[in-house]
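Undergrad: Next come a sequence and a model predicted from it.
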There are 2 protein chains.
Amino acid sequence: MYVILVYDISEKKVGKMLKLCRQYLNWIQNSVFEGEISEVKLKELINLAKEILDEKKDSIIIFSSRQEKWLDKKIVGIEKNDLSNIL
Amino acid sequence: MYVILVYDISEKKVGKMLKLCRQYLNWIQNSVFEGEISEVKLKELINLAKEILDEKKDSIIIFSSRQEKWLDKKIVGIEKNDLSNIL
């Protein structure tokens, strides 16, 4: 399946969450990731994310689609997914 | 069409962008919006957003799908779209 993941978590946990999500998905903007992932891998990611986030304060939203072709993507402004920026 | 809009813009413009996007879409998380919108209205939103953002530094990504049913949404942690939080 194809997913878009966005998180809104407290600043001090951002680094950990970024690192985790990048192991499963492509980083495309600040706190936004996308990519093809299996249901099993997504569950694994969610379980690991739950260990990082505070479920009373933090939030992750995952949109999923069975096929990437059902989604169009348009970028206005700069593309921020240049990995060299954060390596 | 059904869209998911995420922005990553400099802090001082966030208020303006939030206000603009909320006129067209539902705010669901920090810098994330979703909703049903016509192509004409989306173009209008993008044009107004371009007046706010700096296209060399800021970024907006819009995912669109012809039908909402093609997308599933899963929330981990709290739902932040309670409008009372920001009114």
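TA: Yep, it's here. Residues are numbered from 1 along each chain as shown, chains lettered A, B, ... in the order given.
Undergrad: Which residues of chain A lie near chain B?
TA: By Cβ under 8 Å from any Cβ of the partner chain, the part of chain A that sits against chain B consists of A:4, A:6, A:8-9, A:28-32, A:46, A:49-50, A:53-66, A:70-80. Quick note: C-beta positions are derived from backbone N, CA and C, even for glycine.
Undergrad: Output the contacting helices and strands for the lengthiest helix in chain A.
TA: The longest helix of chain A (DSSP state H) is helix A:39-52. Helix A:39-52 sits against helix A:11-22, strand A:59-65, strand B:72-77, with contacts defined as 3 or more Cβ pairs under 8 Å, 6 or more residues apart in numbering or on different chains; DSSP states H and E.
Undergrad: Go ahead and measure how far the helix or strand following the longest one is from the middle of the chain.
TA: Going back to what we said before, that points to helix A:11-22. On the C-terminal side of helix A:11-22, the closest following helix or strand by DSSP states H and E is strand A:26-29. Relative to the mean C-alpha coordinate of its chain, strand A:26-29 is positioned 7 Å out (Cα atoms, centre = their mean, to the nearest Å).
Undergrad: Which elements pack onto strand A:26-29?
TA: Contact here means 3+ Cβ pairs under 8 Å, 6+ apart; on that basis strand A:26-29 packs against strand A:32-36, strand B:59-65.
Undergrad: Residue A:39: neighbour count?
TA: A count of nearby residues for residue A:39, using other Cβ atoms under 10 Å in any protein chain shown, gives 9.
Undergrad: Pull the residues that contact stretch A:67-77.
TA: Contacts to stretch A:67-77, defined as Cβ atoms under 8 Å, 6 or more residues apart in numbering or on different chains, come from residues A:2, A:4, A:34, A:36, A:65, B:9, B:46, B:49-50, B:53-67, B:70-71.
Undergrad: brain fart, stretch A:33-52
TA: Counting by Cβ under 8 Å, 6+ apart, residues outside stretch A:33-52 touching it are A:1-7, A:9, A:13, A:16-17, A:20-22, A:24-28, A:60, A:62, A:64, A:68, A:73, B:74, B:76.
Undergrad: Please check these and keep the buried ones.
TA: The neighbour count (16 or more other Cβ atoms under 10 Å in any protein chain shown) marks A:2-7, A:9, A:13, A:17, A:20-21, A:24-25, A:27-28, A:60, A:62, A:64, B:76 as buried among the contacts of stretch A:33-52.
Undergrad: just to revisit the earlier point, can you give the distance of the longest helix of chain A from its chain's centre?
TA: With Cα atoms, centre = their mean, you get 11 Å for helix A:39-52.
Undergrad: Excluding chain neighbours, what is closest to the residue of chain A most remote from its centre?
TA: Distance from the centre of chain A peaks at residue A:77, with 20.1 Å (Cα atoms, centre = their mean). Spatially, and ignoring its direct neighbours in sequence, residue A:77 is nearest to residue B:59 (4.3 Å; Cβ to Cβ, 6 or more residues apart in numbering or on different chains).
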